[in-house]
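Q: Attaching a predicted model along with its sequence, questions to come.
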Amino acid sequence: MNNYDFIAIGDTTTDAFIRLKEAEVHCDINHERCTICMRFADKIPYESVTVVPAVGNSANAAVSASRLGLKSALVSNVGDDYFGAECLDALKKEQVGTEFVKINKGHKTNYHYVLWFDADRTILVKHEPYLYALPDIGTPRWIYLSSTGENAFDFHGEIEKYLAAHPDIKLAFQPGTYQMKFGKERLAGIYKRADAFFCNKEEAQRILGSDEQDVKKLMIAIFALGPKIVSITDGVNGAYAYDGHQAWAIPLYPDPKPPLQRTGAGDAFSSTFTVALALGKKVEEALMWGPINSMSVVQGIGARQGLLTRSQIEEYLALAPAEYKVSAF
């Protein structure tokens, strides 16, 4: 059994980025609820299509950890089709262990369509109804749990039992859409067991059922659910972390040029923060690492292309402007 530093658990998919040419975005008066609009019952030209296999929150995290120097693997599902084989090949090229990826006979591999307009995206998603089961993954130093399908609720009970039997394993939890829908009460054991927890501000409000705007209060509320470290990102306002004693904030790392697209920025932040902790960094240092990988990812297409190595992260830190620093609040 290979003992890994970092094992990510969650769905993987192939993303097809369709770059739109003719669309409009309409928002409410608060610029919060927005819709993308295209002509109905017509032929709409697009600029390009870029297909990126083996992505998704957990797959992105596994690749991120590998590039940063950890021995990583992925627990996931694919179908017995061309796209499943392509996903496995992509992971192997990134030196991510694939022995825990189940090939499901008679099933398709998850395939999502990313409608890419300006620097943002709207994703058409479909999770295949895989039968989730946790293999014997040994005793990795960290498990990184993220997005699964809607039929994976019982799977979280398996993970919780595995973690109870292996108390030395640390858990990072970045809930996906269905994990948030399951609710904090039904996943209370996962929240309590988490050593690090990640989400954005809007997700924190959804998890808590709150319209609270103060990020520190949101972090304190999520910390009360059990995680030892809580980190929340807030778009252009930067990122935050809280360990039960102190809260910190950091601005965005300056973009070298306007973002090409923002897919994967959150995954890059959360996984890089986790890797920094795994490498023995303090919370403040981890908070400085995360935004650098996010900055790099939004300069490329997809969630994987721009992920950095450890030496590149350290180089960006050395070149960081004076205003890029962690502040306590």
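A: On my side now, so go ahead. Residues are numbered from 1 along each chain as shown.
Q: How about the residue nearest the centre of the chain: what's its closest non-neighbour residue?
A: By C-alpha atoms, centre = their mean, the chain has its centre lying nearest to Asp267, at 2.8 Å. Leaving aside its chain neighbours, Asp267 sits nearest to Asn60 (4.0 Å; criterion: C-beta to C-beta, 6 or more residues apart in numbering). Glycine gets a C-beta too; all of them are placed from N, C-alpha and C.
Q: Tell me the confidence at the one you found?
A: If you check Asn60, the pLDDT there is 97.
Q: That one: which element?
A: Take DSSP states H and E as the rule and Asn60 turns out to sit in helix 57-67.
Q: Export that helix to CSV, keeping only CA atoms.
A: Extracted in CSV, the C-alpha atoms of helix 57-67 (Å, rounded to 0.1, in the frame of the first residue of the first chain):
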residue,chain,number,x,y,z
ASN,A,57,-12.8,20.2,-7.3
SER,A,58,-11.1,17.0,-6.0
ALA,A,59,-9.2,16.2,-9.2
ASN,A,60,-7.9,19.8,-9.4
ALA,A,61,-6.8,19.5,-5.8
ALA,A,62,-4.9,16.3,-6.4
VAL,A,63,-3.1,17.8,-9.4
SER,A,64,-2.3,21.0,-7.4
ALA,A,65,-0.8,18.9,-4.5
SER,A,66,1.3,16.9,-7.0
ARG,A,67,2.7,19.9,-8.7
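Q: helices or strands next to it in the packing?
A: Applying 3 or more C-beta pairs under 8 Å, 6 or more residues apart in numbering; DSSP states H and E, one finds that helix 57-67 contacts strand 6-9, strand 72-79, helix 82-93, strand 96-97, strand 142-145, helix 265-278.
Q: Could I get the ones you listed in a markdown table, plus columns for mean pLDDT and distance to Leu287?
A: Listed next are the helices and strands packed on helix 57-67 as a markdown table, based on pLDDT from 0 to 100; distance: least, C-beta to C-beta, whole Å:
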| stretch | mean pLDDT | distance to Leu287 |
| --- | --- | --- |
| strand 6-9 | 98 | 19 |
| strand 72-79 | 98 | 21 |
| helix 82-93 | 98 | 28 |
| strand 96-97 | 98 | 25 |
| strand 142-145 | 98 | 17 |
| helix 265-278 | 97 | 7 |
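Q: quick revisit: the residue nearest to the centre of the chain contacts Gln174, correct?
A: Yes: using C-beta atoms under 8 Å, Asp267 is in contact with Gln174, at 7.4 Å.
Q: Mutual contacts of these two, please.
A: Contact criterion C-beta atoms under 8 Å, 6 or more residues apart in numbering; residues shared by Asp267 and Gln174: Asn57, Ala61, Ser146.
Q: what packs against the host helix or strand of Val114?
A: Using DSSP H and E, Val114 sits in strand 111-117. Strand 111-117 sits against strand 13-20, strand 120-124, with contacts defined as 3+ C-beta pairs under 8 Å, 6+ apart.
Q: Got the confidence number for Gly244?
A: Here the pLDDT value assigned to Gly244 is 97.
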